[in-house]
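**Student:** Got a sequence here, can you build the structure:
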Amino acid sequence: MQPCSIRGRTWITHMLVCSNMFSAAMAVKSTTSATGETCQDESSCTARKSSVHAGQKVDVCIIGAGPGGLQLGQFLSHAKINYRIFERAPTAGEFYAKYPRNRKLISLNKRFTGRTDKEFNLRHDWNSLLQNEEVRSMPQRTSERWPSADVLWQYLKDFARAQTDSGNIQFNSTVVKVERVSSTMREDHLSQERSMSNGWGSGFHVSVKDGDTNDTSATHCGIIVLATGLGVPNSPTSVDGIEHTMGYEHLPRTGESFEGKTVAILGAGNAAFEAADVLAPHVNYVHVNKGHKVPPTHQEIAQFVSWESRYVGGLRAMNAQLLDSYLLKSLDGAPTFDMAADSMIIRPCGYRSDQTSSSSDGNATKVATKLCIWGQGERIHTDEGERKTAYIGDYSRSDQKSGAFVRKIASHRVYADTAAVGESNARMLVARSGEYRQDAPLGQLSLTSGGIHHDIEAVEIYADAITPQNVDRIMAFSRRSGTPHPMIYDTVINCLGWVQNQTALIEMFGQPPLLQPNGRFPVMTHELESTNIPGLYFAGAITHGKDFKRSAGGFIHGFRYNARFLARLLQVKHLGTAWPGARVIRHVIDWSGSGDRKVGLARAGCNAAEFASMPQHGGGCEENNTRLAPFAELLNTIFTRINTASGPYQMVCAIATLIPA
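**Tutor:** Below you'll find the model as predicted:
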């Protein structure tokens, strides 16, 4: 058992809560699925923008009207808390208007379970939000097991209508600045809690720009909830040449425009394999590469695919068709652990004259027709800092053509710095000046001094020395040497995931919320509050930072429960309300049975009379056996939660049912 504390009261968990996750106290009875009806026509589905009033005051300001913001807003609306949602797009759930690119969700839509219990059925409905029975749920909208993103987008717009009509959502409204009302606001959480003990505290001034009029208005917010998701494609500078790739966000929905091309994809998640499946019928072949070069440990391999890791964000079988063609030797390439995006050098190559344009001297302009990828070699520490090298092939003294090329490198005729040459097994790098690395004893002489010790040497050059002027000559040398690099493609697609828009956060907050090292998720407390900006909370997919690769917090069927937890927590913390629960089971601690008359013998739903009449107790209903009724009721409640509750079921190791001690 693990103790948890909420507003000074001690609770005991009777289900496992991992110590490195947040333990969210959930009520014994969960909220049921959202049901209702859809819009009648397109015009009625168009979200209506509320008017913006300068100087308005609200208790809770939510930034973002995606599923996370809408779900939290729905709970706050039912709690009659004054709130406002600011959304920069013209409609709710705008992310799903564009993504995923193939329009097929990986979230389960199971219509039939053999059960009528709404709470149980939510375990297998991964797309519907909670507490809006006026709107038809996703299983009521489509029979597709993996629904179209268009259906989900329409569902989210329908879900938002009531909040929009009540004036709680402002569309086309971009939050441009967030400032504390008091400059003397204390930074530690205890002081923050004291300052908010009487309601919502002094709060924040939020400046909102109207996208229709470009006017800016001010709103006073008691607290702020960031529910913007991960909206910026990840283009890490650690990938040398990332600027030459096509982003997943620009990928067409079908692959006809890639007819007969050769394609590489950076990333090995669901977006990468989704893209590969879309392109596969049209291209020569697709090579999928991992984003990071990591040791091939069993744990890393297991986390790669969902059927091994049990993590919903891992590669799903529905997107894994490329693995099939790879394993059956049909040209496509699957991720390996010795080549990854962050160990690549990507350069345009295959230059050809473009007769449709010309340079200032009247000559035809040369344009690159291909992209070449080399593997990174050793990193060299110089006076200017660390420099990357590219392994371009092996040099043989018996190959006069290659020898001439290597001598050009050494004499500065290909590039204006040193050549790096490595002995084939020691991989030792040699500088042109004759200086050498202390950890490699061979090859101490420069190339121009004829100091190559063996017939075969591995040749590496500085990555920044590969230029449009020499790239094709380097490519020709690599191909003559027999090395598999460079790999030559028509297109390289970046599917390396999503990160936070740090530029926007800095502009918005000045001092932005701290982010985890992966740049995706904020650093937050167990209450989903920023560790460095008290009063700033998080909702939606970004709360996945608390259970990344462990549970479902990055998906609707997970973070809808995080939103419920946060709504309840805010009421307890700022309004002094009691944490909701289903019922109180009294006098359980007074039971004094012994021997075989113990808790384990009580079956779910057994009342005191039935319990006393069981054969092992001699039958009959003695007066003192009525003391056993609370145990039967307690066990019935526990087993009902275990067998039907959707929150702890989806948020494994993150949300638990708590029983007051």
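**Student:** phi, psi of Lys80?
**Tutor:** Dihedral angles of Lys80 (phi, psi; degrees, to the nearest 10) stand at phi 60, psi 40.
**Student:** So it versus Asn168, what's the distance?
**Tutor:** 12 Å (C-beta to C-beta, to the nearest Å). (C-beta placed from N, C-alpha, C; glycine too.)
**Student:** So between those two, which is more surrounded?
**Tutor:** Between Lys80 and Asn168, counting by other C-beta atoms under 10 Å, Asn168 is the more crowded of the two (21 against 7).
**Student:** by contact count, what packs against the longest helix that the chain contains?
**Tutor:** Scanning the chain for the helix with the most residues, using DSSP state H, yields helix 556-575. Contact partners of helix 556-575 among helices and strands, from 3 or more C-beta pairs under 8 Å, 6 or more residues apart in numbering; DSSP states H and E: strand 24-26, helix 67-78, strand 216-226, helix 647-650, strand 655-660.
**Student:** now the next helix or strand after the longest one, how far from the centre of its chain.
**Tutor:** If I follow you right, that is helix 67-78. As assigned by DSSP states H and E, the chain's next helix or strand after helix 67-78 is strand 83-86. In terms of C-alpha atoms, centre = their mean, to the nearest Å, the centre of strand 83-86 is found 24 Å from the chain centre.
**Student:** Who does strand 83-86 pair with, and is each partner parallel or antiparallel?
**Tutor:** strand 56-63 (parallel), strand 169-170 (parallel) (DSSP bridges).
**Student:** residues of the top strand by length along the chain that come out buried?
**Tutor:** Taking DSSP state E as the criterion, the chain has its longest strand at strand 364-382. By 16 or more other C-beta atoms under 10 Å, the buried positions in strand 364-382 come out as Ala368, Lys370, Leu371, Cys372, Ile373, Trp374, Gly375, Gln376, Gly377, Glu378, Ile380.
**Student:** Mind checking the pLDDT average for the following helix or strand past that strand?
**Tutor:** Next in sequence after strand 364-382, counting helices and strands by DSSP H and E, comes strand 385-396. Averaging pLDDT along strand 385-396 gives 79.
**Student:** name the helices or strands packed onto strand 385-396?
**Tutor:** Strand 385-396 packs on strand 364-382, helix 400-410, strand 456-462, helix 471-480, going by 3+ C-beta pairs under 8 Å, 6+ apart.
**Student:** Can you give the distance from that strand to the centre of its chain?
**Tutor:** In terms of C-alpha atoms, centre = their mean, the centre of strand 385-396 is found 34 Å from the chain centre.
**Student:** Just checking: what are the partner strands of that strand?
**Tutor:** Assessed with DSSP bridges, strand 385-396 is paired to strand 364-382 (antiparallel), strand 456-462 (antiparallel).
**Student:** Phi, psi for Asp165 please.
**Tutor:** The phi/psi pair for Asp165 (degrees, to the nearest 10) reads phi -60, psi -30.
**Student:** can you pull the contacts of Asp324?
**Tutor:** Applying C-beta atoms under 8 Å, 6 or more residues apart in numbering to Asp324 gives no contacts.
**Student:** so where is the stretch 301-450 of the chain shaky, pLDDT-wise?
**Tutor:** Judged by pLDDT under 70, the stretch 301-450 of the chain has its weakly predicted residues at 301-302, 337, 354-364, 382, 396-398, 407-450.
**Student:** Kindly report the same for the stretch 51-200 of the chain.
**Tutor:** 51-55, 182-198.
**Student:** can you pull out the helices in it?
**Tutor:** With helices called from DSSP state H, counting those that start in this stretch, the stretch 51-200 of the chain shows them at 67-78, 118-121, 149-165, 189-195.
**Student:** Thank you kindly, that will do.
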